[in-house]
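sequence plus predicted model, see below.
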Amino acid sequence: MTAQREWFEKDYYALLGVPQSAADKEISRAYKKLAKQYHPDANPGNADAEERFKEISAAYDVLGDAAKRAEYDEVRRMVASGVGPGGLGGFGPGGGGGRNFRFEGDLGGLGDIFSNLFSGGAPGGRRGRRGASGPQRGQDLETELHLSFDDAVTGVTSTVRFRADATCSTCAGSGAAPGSMPETCPECHGSGSVAVDQGPFSFSQVCTTCGGRGQVIPKPCPTCRGRGVEVRAREVKVRIPAGVADGQRIRVKGRGAAGANGGPPGDLYVVVHVRGHRVFGRSGNDLTLRLPVTFAEAALGADVKVPTLDGQVTVRIAPGTPSGKVLRVRGRGVPADEKSAAGDLLVTVDVQVPVHLNGDQRAAIEHVAEVLAEDPRAALLTEVHDRRKSDGHNSE
C-alpha cells in the first residue's frame, strides 16, 4: 500500500470536479482542462494558480493510476465508516461515536496503513527518519509543442520552453544560504514527526517546527527562501518520433519538477499539436492526396506525376478510370518505426471537368459526344421503369 496522510484530508474527486463514479477518460479530460487553466505558463507570477496546479497534479497522480485509485477509494471508505483520524471518524474519546478501534485481522492492508500513519510505525508512536522528512518525488509536468505536418511525419528533435520548479541555483537544493547548513530540528530530533497520545492510541503528526523535513534552516537561502527549489524558465530538448499523431503525449523521464529533500524529479509530458498540410491528409500511417486528372487522361489512360513528402513518383492511370477511384502507392506514407510498418500514399482520382471552353474546344467535345452516342443513364432509367411496372402489377 502507498497511502499518504493527505488522502484523509483531501477529496481528489472534488479537486478535479468529477464524481467518484467517473470513468478513467472523464478523469483524464477533467485533469487536462484544469491543468491547462492553472498551468504556470498561463499564469506567470500567480502563486494561487501555481498551488492549484500542484493540487490538481497530485490528485491526477492518484486517480489517474488504477491501483492507486483503488487504494485511495478503500482508505476513504474505511475512514468515512469510522476508522481514521479526528474529523473523519476519529480515535479516542468522542471519536467514531464513542467506539474504540483496534487494528486486528485482515483489513485488506489497511491495518498497516493506519498503523504507519497514526502510530508512526514504531513503538511509542515514534517515526523513523523514513517518515515525512524522507525524499519526495517531484511533480509531473505537462507542456505543449506545435509541429509542422512534415516534422510530425519524419520525426524531429525540438525544444520546449516553460516555467516550473527546478533545483535552486543558489543553494543547490539545500534551502540554506551560502556558507550555512541545515540543522537537525530540536523539536522532533530529525524524525519529521512528533507523537500525540489520544486515548488508547498513539499516533504521529507532522512536526510543526520543521514542517516534516526533520531539519530547520537558521539562514534560509535568499533565492528560494528555504524551499530548495525555485520557479524559473526552463528549456528541455525532446525527441519526437516519426509518425507522432496530433494530441499524442510524449514522456520525457526525469525532466519534470524538482523533488523535495533529495527526491528524484518528476517526468515531463509533452502534448504534440500537428498543423495541417495544404496538400496531404493523414489516416493513421497512410497519407492521403486528391489527384486532379483530365477527362482525356481518365478515359485514355496516362502516366502522371504524383507528389510525395520526399519527391515525386509516377502513377499509372488505367484507361476508363472513374473519378473517386483510390490508387495505392506502397511505402510512401509515414515512415516505419519500431512499432509499426511504413504507411502508404492513398491517391484519390479527381476527374476535372473544363469550365470555360473556347470554340475549338466546344466543337471537339461536341464531336466526342456524337461519337459516344450511348446514353450512360439508359440502364438506370430502364431499371426504375421496370421496377415501377413490377410493383404496379403486384399491387393489383
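Perfect, thanks for sending it.

distance between the ends of stretch 139-156?
26 Å (CA to CA, to the nearest Å).

helices of the chain, start to end?
6-9, 12-16, 24-38, 47-63, 66-80, 110-118, 149-154, 295-300, 359-371, 378-395 (DSSP state H).

and the fourth one, what does it pack against?
Judged by 3 or more CB pairs under 8 Å, 6 or more residues apart in numbering; DSSP states H and E, the packing partners of helix 47-63 are helix 12-16, helix 24-38, helix 66-80. Backbone N, C-alpha and C define where each C-beta goes, glycine included.

do the third one as well
For helix 24-38, the elements it packs on are helix 12-16, helix 47-63, judged by 3+ CB pairs under 8 Å, 6+ apart.

same question for the second one.
Under the contact criterion of 3+ CB pairs under 8 Å, 6+ apart, the helices and strands touching helix 12-16 comprise helix 24-38, helix 47-63.

what sits up against it?
Outside helix 12-16, the residues that touch it by CB atoms under 8 Å, 6 or more residues apart in numbering are 19-20, 22, 27, 30-31, 34, 55-56, 58-60, 62-63, 72.

quick one: end-to-end distance for stretch 15-23.
Using CA to CA, the two ends of stretch 15-23 sit 16 Å apart.

any buried residues in that stretch, and which?
By neighbour count with 16 or more other CB atoms under 10 Å, stretch 15-23 contains the buried residues 15-16, 18, 22.

could you dump those residues into TSV with distance to residue 168 and pLDDT added?
Below are the buried residues of stretch 15-23 laid out as TSV (distance: CB to CB, whole Å; pLDDT from 0 to 100):
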residue	distance to residue 168	pLDDT
15	28	89
16	30	91
18	35	91
22	38	90
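
just name the closest of the contacts of helix 12-16 to residue 246, please.
Distances from residue 246 to the contacts of helix 12-16, taken as CB to CB, are shortest for residue 31 (19.2 Å).

which one is residue 232 nearest to, not counting chain neighbours?
Nearest residue to residue 232 in three dimensions, chain neighbours excluded: residue 166, at 5.5 Å (CB to CB, 6 or more residues apart in numbering).

pretty sure residue 263 contacts residue 136?
Yes - with contact defined as CB atoms under 8 Å, residue 263 reaches residue 136; the gap is 4.3 Å.

local confidence estimate at the spatially closest residue to residue 42 that is not a sequence neighbour?
Closest residue in space to residue 42, ignoring its immediate chain neighbours: residue 36 at 7.0 Å, by CB to CB, 6+ apart. Note on residue 36: pLDDT of 88.

looks like residue 143 contacts residue 272 (just checking).
No - counting by CB under 8 Å, residue 143 sits too far from residue 272 to count as a contact (10.6 Å).

next one: the residue lying closest to residue 260 once chain neighbours are set aside relative to residue 170, how far apart?
Nearest residue to residue 260 in three dimensions, chain neighbours excluded: residue 136, at 4.2 Å (CB to CB, 6+ apart). To residue 170, residue 136 is 21 Å away according to CB to CB, to the nearest Å.

just residue 15 next, same as before
In terms of CB to CB, residue 15 sits 33 Å off from residue 170.

next, count neighbours for the spatially closest residue to residue 76 that is not a sequence neighbour.
Of all residues not flanking residue 76 in the chain, residue 7 sits nearest, at 6.9 Å (CB to CB, 6+ apart). By other CB atoms under 10 Å, 20 other residues sit near residue 7.

residue 7 and residue 184, how far apart?
Separation of residue 7 from residue 184 (CB to CB): 29 Å.

same deal with residue 55?
As judged by CB to CB, residue 55 and residue 184 stand 30 Å apart.

neighbour-wise, which of the two wins?
residue 55 (16 against 13).

returning to what we had before: thought the residue nearest to residue 76 was touching residue 75?
Yes - between residue 7 and residue 75 a contact is recorded at 5.3 Å, counting by CB under 8 Å.

any low-confidence regions in the chain?
Scanning the chain for pLDDT under 70 picks out 1-5, 79-135, 197-203, 261-262, 338, 373, 391-396.

domain parsing of it, as residue ranges.
1-118, 281-353, 359-396 (automatic domain parsing).

closest to residue 212 out of those domains?
Nearest of the domains of the chain (CB to CB): domain 1-118, 9.7 Å.

quick one, strands of the stretch 251-396 of the chain?
For the stretch 251-396 of the chain, applying DSSP state E, counting those that start in this stretch gives strands covering 268-274, 281-283, 286-293, 302-308, 311-317, 326-329, 345-351.

can you count the residues close to the closest residue to residue 52 other than its chain neighbours?
Nearest residue to residue 52 in three dimensions, chain neighbours excluded: residue 38, at 4.5 Å (CB to CB, 6+ apart). Number of residues near residue 38 (other CB under 10 Å) recorded here: 20.

isn't residue 38 up against residue 53?
Yes - using CB under 8 Å, residue 38 is in contact with residue 53, at 4.2 Å.

cool, thanks, signing off.
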